[in-house]
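[1] Quick check, what structure comes out for this input:
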Amino acid sequence: MGNCQASEAATAVIQHPGGRVERLYWPTSAADVMKSNPGYYVALVTLYVSEEKQDGSGGTVRITRVRLLKPKDMLLLGQVYRLITSQEVTKALSQRKNEKLKKSQAELIRKQQQGQQQQQQQRRNDQGRDAVPQETQEVSEDAHQPLTKQERDQPKSSTQTATRGRHWRPSLGSISEVGS
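    Below is the predicted model of the structure:
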């Protein structure tokens, strides 16, 4: 005597939408439950208890998560399952898709705003550089003077020749056709 609660723990509890509770005393697959309840999906119900509320007022918050099972998944003894209509599943999936879309759009907007802020900062830095001291301006004017003959005759490095655009020229001369 006294072991009657042990058999209750060794059951898989299925909650129907109407409030009816079904207990299974043997392991079964989700496909079997879905066959006996057409139009419904089986979902595992897990209860999470968080220590603090989001608003910081203390206490505990109970969060119920529902995870949809695949037809080949087995219903484990000691777990609580819920039957969910296919309309609820499609509604939840579309909500999840919308949440992901909103999150990605918000992330994109945030990245664009950061890029704009960086561009504005770069412009401010560039404008600060335009106020160059007089000595620096004189040096830069000297840099634009025409090259002397000696500077022009110096061999150029490969990077200088690579940056200058070259046009393709055929290496063979044209072949004239002989009339027969």
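
[2] How about Leu69: what's its closest non-neighbour residue?
    Nearest non-adjacent residue to Leu69, counting by Cβ to Cβ, 6 or more residues apart in numbering: Ala30, 4.3 Å away. In short, each C-beta sits where N, CA and C put it, glycine included.

[3] ok, the one you found - contacts?
    Neighbour list for Ala30: Val42, Leu69, Lys70, Pro71, Lys72, Asp73, Met74, Leu75 [criterion: Cβ atoms under 8 Å, 6 or more residues apart in numbering].

[4] how many other residues sit next to His16?
    Around His16 there are 12 other residues, counting by other Cβ atoms under 10 Å.

[5] what's the answer for Tyr41, then?
    20.

[6] One more: Leu24?
    Counted with other Cβ under 10 Å, Leu24 comes out at 15.

[7] how close does it get to Gln79?
    Distance from Leu24 to Gln79, counting by Cβ to Cβ, to the nearest Å: 10 Å.

[8] Mutual contacts of the two, please.
    What both Leu24 and Gln79 touch, as defined by Cβ under 8 Å, 6+ apart, is the set Ala12, Val13.

[9] And the longest helix seen in the chain, what does it pack against?
    Using DSSP state H to define each element, the chain has its longest helix at helix 86-130. Contact here means 3 or more Cβ pairs under 8 Å, 6 or more residues apart in numbering; DSSP states H and E; on that basis helix 86-130 packs against strand 40-50.
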